[in-house]
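Enquirer: whatever this is, show me its structure:
(one chain, ligands or ions: 2)
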Amino acid sequence: MSESEVTMNLELETYPPMFRQQNNQSCSHQKVDEPVGESELTIPVIDLHCLSHDELGGACRDWGLFRLVNHGVPSSLLRQLHEHAKELFSLSFECKKEIFCSPLSYLWGTTAISPSGAALLTGPQNIHWVEGFHFPLGQLSQLQPQHPTLASFRLLAEEYGKHMGRLGRTIFKTMVMELNLDPGESETHLDECTGFLRVYRYPLRSMANSAWGIEVHTDSSLLTILNQYEVAGLEVLKDNQWLQVEPISDTLIVNLGDMMQAISNDKYKSVKHRVRLNKDRERISIGYFVFPKEDSVIRSSKYKPFTHGDFRAQVQQDIKTLGFKVGLEKFKLTQASSP
Ligand SMILES: O=C(O)CCC(=O)C(=O)O
Ligand SMILES: [Fe+2]
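Expert: Ligands and ions are numbered 1, 2, ... in the order given. Okay, the predicted model is just below:
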């Protein structure tokens with residue numbers, strides 16, 4: 001066996017067996033539409049140092065997504081987080097399964113988990129070509145990881161989580177003002193204790209029998225802050241066109257989720273997006289997701305009143321019975337039922 005074959009076999013050990021078995025059914029010949037590059041349509045840029053309500057509102061209404069600059073997260077922290085994430089993923093599959101115990105979880109082939117942290121997967125047709133670590137930020141202090149790689153990642157995740165909390169608060173407060181919502185009532189719509197990090201690794205396209213790491217979806221969150229590092233893959237739907245979101249160093253991507261769309265009464269968009277597997281490089285991304293308080297009621301003229309708890313339960317039921325998330329449509333008032 002040549003040296004490169006030995007390395008490849010060792011790397012294969014780090015992937016879930018489900019991915020290794022499918023390895024030889026590659027469909028890299030399959031034709032999939034290429035996205036448009038960002039030079040043709042420019043993603044709005046929001047500068048946190050001089051946060052303009054109008055610019056933020058415009059980006060949330062027209063796109064549901066923007067690039068955040070001057071966010072105050074040190075570039076050294078962004079770099080270290082990725083280096084440590086890479087190291088964590090390079091542990092063997094068995095080791096990852098063992099060290100990611102409650103309140104953390106390790107998932108693969110799916111991005112959906114139940115409240116207990118168990119993966120929700122329906123069938124082989126719905127495989128997502130991604131493996132990930134779930135870090136509920138509110139519970140990290142209870143954690144005493146024995147494994148040194150996980151222990152050092154935990155420290156970085158805690159520091160990064162504080163920055164994410166600060167960014168989420170600032171952005172949400174500005175959105176509340178821009179939408180003229182009652183600040184008192186809106187307070188429960190961002191609950192920092194719900195914040196979690198998802199650290200994802202997408203394999204090379206040649207390993208998968210699909211072009212997609214994660215297929216088209218909207219996030220269920222209030223808002224999501226994404227840190228994609230060096231390797232492209234994220235695509236966003238804008239005016240019926242798929243656009244590649246270029247990784248630009250020291251910038252973060254903020255996208256709005258379903259909860260924000262409902263709170264804004266559909267003024268803001270929960271943007272459709274997907275992740276394409278890269279042909280040449282594995283891809284690592286780190287996402288921060290934050291939600292409303294589990295039982296705070298979201299009221300608007302477009303949807304029946306519901307809590308995030310109701311929404312999550314509906315999504316889990318749809319994944320189990322239909323194999324996919326239906327989302328906000330399930331809560332929409334039809335003309336006949338609207339007050
Ligand atoms: O990896 C990415 O860039 C996006 C991940 C994503 O869309 C998600 O976790 O919901
Ligand atoms: Fe997403």
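Enquirer: ok, now which ones touch residue 11?
Expert: Counting by Cβ atoms under 8 Å, 6 or more residues apart in numbering, residue 11 makes contact with residue 90. To be clear about C-beta, it is placed using only N, CA and C from the backbone, and glycine gets the same treatment.
Enquirer: quick check: closest non-adjacent residue to residue 145.
Expert: Residue nearest to residue 145 in three dimensions, not counting chain neighbours: residue 151, with 4.5 Å by Cβ to Cβ, 6 or more residues apart in numbering.
Enquirer: could you verify that that neighbour is part of a strand?
Expert: No - using DSSP: H, G, I helix; E, B strand; the rest coil, the assignment for residue 151 is helix, not a strand.
Enquirer: close to ligand 1, is stretch 298-315?
Expert: No - looking at stretch 298-315 against ligand 1 by Cβ under 6 Å from any ligand atom, there are no contacts, and the closest approach is 12.7 Å.
Enquirer: how far does that stretch sit from its chain's centre?
Expert: 20 Å (Cα atoms, centre = their mean, to the nearest Å).
Enquirer: before we move on, back to that, measure the residue nearest to residue 145 to residue 84 for me?
Expert: Here residue 151 is placed at a distance of 10 Å from residue 84 (Cβ to Cβ, to the nearest Å).
Enquirer: what's the closest non-adjacent residue to the closest residue to ligand 1 within the stretch 1-150 of the chain?
Expert: Distance from ligand 1 to each residue of the stretch 1-150 of the chain (Cβ to the nearest ligand atom) is smallest for residue 111, at 5.4 Å. Leaving aside its sequence neighbours, residue 111 sits nearest to residue 128 (Cβ to Cβ, 6+ apart; 5.8 Å).
Enquirer: what residues does the stretch 151-300 of the chain put near ligand 1?
Expert: 198, 200, 214, 219, 226, 228, 234, 273, 275, 285, 287.
Enquirer: which stretches of the stretch 101-250 of the chain form strands?
Expert: 105-108, 131-136, 191-202, 212-217, 223-228, 234-238, 241-244 (DSSP state E, counting those that start in this stretch).
Enquirer: quick check: closest non-adjacent residue to the residue in the stretch 201-339 of the chain that ligand 1 sits nearest to.
Expert: The minimum distance from the stretch 201-339 of the chain to ligand 1, using Cβ to the nearest ligand atom, falls at residue 285 (3.4 Å). By the measure of Cβ to Cβ, 6+ apart, the closest residue to residue 285 outside its immediate chain neighbours is residue 228, 4.6 Å from it.
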